[in-house]
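Q: When you get a sec, could you give me coordinates for this:
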Amino acid sequence: MITSQTLQQESDQPRTCFVVGPIGDPHAAHGSPEREAYEHYLGIFEQVIAPACERYGISVVRADGIANAGDINEQICRHVLESDLVVADVSGGNPNVMYELGLRHITGKPTIHIGEAGQLPFDIASIRTIRYQRTRSHLAGARKEIESALEVGLRDGFELLTPARVLRGLQIGDEPDFVSEVSDGGNEEEEDDSPGLLDNFAVIEDGLGEMTADMDTITKTIETIGALTEQSSTEMLDLAQANAPSSARLAAVARYATTISAPAGELNTVAAAFAERMLSMDSGVRAALALIEMTPADERGEGTEEFLEQLMCLDETAQETLVQIGHFGASASAMTQLSRYLRKPVKDISAAVRQLTSSIMRMGEWAAKARAMAHSSIV
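A: The predicted structure is shown next:
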C-alpha cells in the first residue's frame, strides 16, 4: 500500500489537491438553504475528501480556503489547471462546478468525481463517480472509495477520462506529471491513434447541430403561433366593431386557445430540450474555447475557424428568436386575463420564454469568446 512516506520518497514536491464543488454561503441565516448547503459541503470536505487525501500526504484545499490575496477567480482557475489532483463534487450539476470541471478535463491531469446519489448530472453519467448519501456510514464508505482510487492511481497511474481524451487532441504536448500512459505498456502507437482536431470539433458540433435543429423548430413554431394570433386579433376586432355580445367574443377566444394549444405545447417541449442540451454542452464548449484561447492563433490548425463560426452563427439565429419570443413574454400575463381558456397555452409559452432566454444568454457568452478569438486570429 502507498503511504505518505512513499510519496515523499518519490517526489520532493508535495502533492496538491484542489476541491471543486458547491460551497454555499457561510454568512447566510441559520436554517436557510444557502447555509445548509454550506454546512453540508463543508462536512463532505472535512469528513470525506480531506482525510482521504491526507492519508497519502496530499495537501488539499478548496476555494474558500485559499489564503493568498488576489483575484479569487484567477486563483481558482490556477488551482484547477495546476493542482496535481482535483476532486470534483458534481452534485446538482452546479454551472460553476461544471465549467471548472471542463477546464480541468482539458489538462489530462487526474480528476476524481464524487456526488450525492440522485443528484448526478446526466451529461457526465458515463464517467465513474463515487456516490455518497447523507449518512455517517455512507460518508465513511465514500472516503474509503476515494482512498482506494488514490491508491490505485498513485500505484498504476490515472486513466485519462473520455472528455480529456477528446479535447487532448486540440493540443500536442508532453504528458502531464502524475499521469500514466493509457496504453499497453506505453506503446507510442496509442499517441498516433489519438483523435485529431476535426474529430474533436465533430464531437461538439454534433451537439451544436442538434441545437440548430431545435432553434429552427422553435422559430417555425413561433411563426405558427404568431400567424394564429394575428388571425384571432382580426376576428376579435371584427366582433368588437360589430358590437357582438361577450359570449361571441368568449367563443372566439376559446377557439384561439384551442388552435394555439398544440404549438404552444410543442414550443415548451422543444425549448426544454434545447435548454437541456445547452446545459450538457456548456462545460465542453467552454473547455474547448479555453483551450483554443490558450493556443497561439497560428497553431490552432484546421477546424478551429469553422467551429468558432458555427458558435457565432448559432448565436445570431438565437438572438433573432429571442426578440420574437420577447413579444410573447411581454403579453403573456395580459392574455391570461382575457379568459381561463388561455391559461394553459400561455403557461406553456411563458415557460418556453424563460428557458430560452436563460439558454440564449449563455450561448451569447460562447459567441462573445468566439468573436474575440476570431478577431485576434485576423489581427
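
Q: The stretch 51-200 of the chain: strands as residue ranges?
A: Here the stretch 51-200 of the chain has its strands, by DSSP state E, counting those that start in this stretch, at 58-62, 85-89, 111-116, 129-132.

Q: Helices of the stretch 151-300 of the chain, start to end?
A: 162-168, 189-192, 197-241, 246-294 (DSSP state H, counting those that start in this stretch).

Q: Those: lowest mean pLDDT?
A: Lowest mean pLDDT within these: helix 189-192, at a mean of 42.

Q: As a markdown table, the strands of the stretch 51-200 of the chain with mean neighbour count and distance to Asp238 would be great.
A: For glycine as for every other residue, the C-beta is placed from the backbone atoms N, C-alpha and C. Below are these laid out as a markdown table (neighbours: other CB atoms under 10 Å; distance: least, CB to CB, whole Å):
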| stretch | mean neighbour count | distance to Asp238 |
| --- | --- | --- |
| strand 58-62 | 19 | 66 |
| strand 85-89 | 26 | 61 |
| strand 111-116 | 22 | 59 |
| strand 129-132 | 20 | 61 |
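
Q: Of all those, which one is nearest Leu239?
A: Of all the strands of the stretch 51-200 of the chain, strand 111-116 sits nearest to Leu239, with 56.6 Å by CB to CB.

Q: quick check: mean pLDDT across the host helix or strand of Gln324?
A: Secondary structure assignment for Gln324, by DSSP states H and E: helix 304-336. Summarised as a single mean, pLDDT over helix 304-336 is 75.

Q: As CSV, the helices of the stretch 151-300 of the chain with distance to Thr135 and mean neighbour count would be great.
A: Conversion of the helices of the stretch 151-300 of the chain to CSV gives the following (distance: least, CB to CB, whole Å; neighbours: other CB atoms under 10 Å):
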stretch, distance to Thr135, mean neighbour count
helix 162-168, 31, 20
helix 189-192, 42, 10
helix 197-241, 37, 16
helix 246-294, 29, 18
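
Q: Just the element for Thr16, please.
A: strand 15-20.

Q: which residues sit against that strand?
A: Strand 15-20 is contacted from outside by 7, 45, 49, 53, 56-62, 79-80, 83-89, 97, 100-101, 104, 178, using CB atoms under 8 Å, 6 or more residues apart in numbering.

Q: still on that earlier bit, let's have the helices of the stretch 151-300 of the chain in a markdown table, adding distance to Phe307.
A: Shown next, in a markdown table, are the helices of the stretch 151-300 of the chain (distance: least, CB to CB, whole Å):
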| stretch | distance to Phe307 |
| --- | --- |
| helix 162-168 | 12 |
| helix 189-192 | 23 |
| helix 197-241 | 5 |
| helix 246-294 | 7 |
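
Q: and Lys344, which of those is closest to it?
A: Of the helices of the stretch 151-300 of the chain, nearest to Lys344 by CB to CB is helix 246-294, at 6.6 Å.

Q: If I take that closest one and helix 197-241, what angle do their directions form?
A: For helix 246-294 against helix 197-241, the angle by axes from the mean of the first three to the mean of the last three CA atoms, to 10 degrees is 160 degrees.

Q: what's helix 246-294 packed up against?
A: Packing partners of helix 246-294 (3 or more CB pairs under 8 Å, 6 or more residues apart in numbering; DSSP states H and E): helix 95-105, helix 162-168, helix 197-241, helix 304-336, helix 343-378.

Q: again, only this time at 7 Å
A: helix 95-105, helix 162-168, helix 197-241, helix 343-378 (3 or more CB pairs under 7 Å, 6 or more residues apart in numbering; DSSP states H and E).

Q: Just put these in a markdown table and tack on distance to Tyr41.
A: As requested, the helices and strands packed on helix 246-294 are exported to a markdown table (distance: least, CB to CB, whole Å):
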| stretch | distance to Tyr41 |
| --- | --- |
| helix 95-105 | 11 |
| helix 162-168 | 23 |
| helix 197-241 | 30 |
| helix 343-378 | 24 |
